[in-house]
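> Quick one: sequence and predicted model below, then my questions.
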Amino acid sequence: MNKKTYVQVGIGGRAEFYWSAIVRDFRDTSELLAFCDVNQTRMDYANHLLETKYSSKTIPTYRAHDFEKMIHELNPDVVIVTSIDRTHHKYIIKAMELGCDVITEKPMTVDEEKSQAILDTVKRTRRNLRVTFNYRYAPHNTKIRELIANGTIGEVTSVHFEWLLNTLHGADYFRRWHRDKRNSGGLLVHKSTHHFDLVNFWLGSYPDTVLAMGDLRFYGRENAENRGETSFYQRAYGSEQAKDDHFALHLEENPHLKAMYLDAEKEDGYQRDQSVFGDGISIEDTLSLIAKYKNKTMLTYSLHAYAPWEGFNVVFNGTKGRIEAKIVENSYVNSGGDKALEGAVSSKEITVHPMIGKPYEVEIDEGNGGHGGGDPILLNDIFGEPIEDRFNRAATHVDGVRSILTGIAGNISMKTGLPVKLDTLVDF
């Protein structure tokens, strides 16, 4: 069997999920050729982990400005993009123009202009682009799709979807580069892309019209001052005020985070441990959205990033009954521990309420690994020998665009106060 060859650009917190799978679990089908990043210290640390943690040989490293040089010298089959969100389109487009297929971390990009540029490049180059929506593969989410597809509650007429991020995981978006909306598109794009993709996946449709509202209500200095806080700091490292702060991230206490970020910041000045109650936060922490889907289903959605527990509630109302699901996840700090614990499920329940008859609990397969057990299945789908999937969980670039367009439309709606038609944003 000819192995597929890979290079990876962006060696931050999400990167190890991909490259470690190649060298640990998929050596027979895949080969990792090189790392590419803006920060040499971070790439050197990744090579250190290759040797010491995964008993693998080190690989060449390329700085971000040498991305094209790396492609020309190594001629990889596939480029894995795990860089900062606002740069995804640059690497996706250039990789396809240079003859490579692409796997990209979500969100595929952050606005409609970059989305259109990617769509145009796929058409022009005819290269393959996949977006890694691991939540589709979680057994409980697949079960919901199965119930709806089987007509368990008839035609779905409305969905209420509530996602909660707690004060460990939710706060983490306000410590790092995500806090600048230019980098991430805000949580409605960066995080909610998962959720909007799930609704599209469950319903087999996508939104026609979106209306959204959002604000920064908990994080940020002004909110803290209004609650009576008087002690502030810029970052946790070296700060006396941060020592007893529940929301502080102490990089020096976690060897992995220290090596990834604290030791690397001398090169680019990136601070991973900024105060969540500081100035300069331009993303929202409280969001509400309504959408009308092409198949006439109505969605009400909410996200807030300072909840006491992590997970989601989702309800589907149909012409023959109702499905209710509650999923509680373990909270985590990105890159702060075992990857298998990221989004791992601590409890799950799905209840069907027939319109006529008694409600019943639905049996759900147990899944091992991160994101509700979806991560291992996704990785095999990408790097291993994919198995036939009647649920069609592998996400295409079209799925990637449709998921972010809901959040992009929401961002536009928040600015204008008006509903937004998704078909006006890009041309497929």
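Looks like it arrived, so ask away.
> Could you tell me the end-to-end distance of stretch 83-92?
Stretch 83-92 stretches 11 Å from its first residue to its last (Cα to Cα, to the nearest Å).
> which residues touch that stretch?
9-10, 12, 37, 64, 67, 79, 81, 102, 104-105, 107-110, 114, 117-118, 121, 129, 177-178, 182-185, 189-190 (Cβ atoms under 8 Å, 6 or more residues apart in numbering). C-betas here are computed from N, CA, C, even on glycine.
> ok, now how distant is Thr5 from Thr104?
Thr5 is 17 Å from Thr104, where distance means Cβ to Cβ, to the nearest Å.
> Looking at the two, which has the bigger crowd around it?
Between Thr5 and Thr104, counted using other Cβ atoms under 10 Å, Thr104 has the larger neighbour count: 27 against 17.
> Give me the spatial nearest neighbour of the more buried one, chain neighbours excluded.
Val81 (4.2 Å; Cβ to Cβ, 6 or more residues apart in numbering).
> Ile11 too?
Asp37 (4.3 Å).
> do the same with Arg402
Nearest one to Arg402, counting by Cβ to Cβ, 6+ apart, is Tyr206 at 4.5 Å.
> Give me the contact list for the lowest-mean-pLDDT helix or strand in the chain.
For the chain, the helix or strand with the lowest mean confidence is helix 370-383, at a mean of 85 (criterion: mean pLDDT, DSSP states H and E). Helix 370-383 is contacted by residues 4, 17-18, 21-22, 25-26, 29-30, 103, 130, 132-141, 327, 329, 339-345, 348, 366-369, 386-387, 389, 393-394 when judged by Cβ under 8 Å, 6+ apart.
> what about the residue nearest to Thr104, distance to His89?
From Val81 to His89 the distance is 9 Å (Cβ to Cβ).
> repeat for Gly311
Distance from Gly311 to His89, by Cβ to Cβ: 31 Å.
> Confirm for me that Gly220 is in contact with Ile281.
Yes - when contacts are counted by Cβ atoms under 8 Å, Gly220 is listed as touching Ile281 (4.7 Å).
> shared neighbours, these two?
By Cβ under 8 Å, 6+ apart, the residues touching both Gly220 and Ile281 are Phe174.
> helix, strand or coil for the nearest residue to Asp111 once chain neighbours are set aside?
In space, and not counting its chain neighbours, Asp111 is closest to Ile408: 5.8 Å by Cβ to Cβ, 6+ apart. Here Ile408 takes the helix state, with states given by DSSP: H, G, I helix; E, B strand; the rest coil.
> Please name the residues that touch Ile408.
Val110, Asp111, Glu112, Ser115, Gly185, Val189, Leu425.
> Check Lys53 too.
Ser20.
> Relative to Glu16, how far out is it?
9 Å.
> same question, Phe428
Taking Cβ to Cβ, one finds Phe428 at 34 Å from Glu16.
> Name the residue in the two with the higher neighbour count.
Higher neighbour count among Phe428 and Glu16: Glu16, with 21 against 10, using other Cβ under 10 Å.
> was I right about that one contacting Leu49?
Yes - judged on Cβ under 8 Å, Glu16 makes contact with Leu49 at a distance of 7.1 Å.
> about what we covered before: what about the contacts of Ile408, which are in helices?
Glu112, Ser115, Val189 (DSSP state H).
> Which element, helix or strand, includes the residue nearest the centre of the chain?
Of all residues in the chain, the one closest to the mean position by Cα atoms, centre = their mean is Lys106, 4.6 Å from it. Under the criterion DSSP states H and E, no helix or strand holds Lys106.
> Starting from Ile412, give me the distance back to it.
20 Å.
> got it, and Tyr206?
16 Å.
> Please identify which of those two sits among more neighbours.
Neighbours were counted for Tyr206 and for Ile412 using other Cβ under 10 Å; Tyr206 has more, 22 against 18.
> quick one: contacts for the more buried one?
Asn200, Tyr293, Lys294, Arg402, Leu405, Thr406, Leu422.
> Check Thr58 too.
Asn47, Leu50, Glu51.
> Wasn't it part of a strand?
No - using three-state DSSP, the secondary structure at Thr58 is coil, not a strand.
> before we move on, the earlier item: can you flag which of the contacts of Thr58 belong to helices?
Per DSSP H, these map to helices at Asn47, Leu50, Glu51.
> I'd like those laid out as a markdown table, including distance to Phe247, neighbour count and pLDDT.
Below are the ones in helices among the contacts of Thr58 laid out as a markdown table (distance: Cβ to Cβ, whole Å; neighbours: other Cβ atoms under 10 Å; pLDDT from 0 to 100):
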| residue | distance to Phe247 | neighbour count | pLDDT |
| --- | --- | --- | --- |
| Asn47 | 33 | 17 | 98 |
| Leu50 | 33 | 20 | 98 |
| Glu51 | 35 | 11 | 98 |
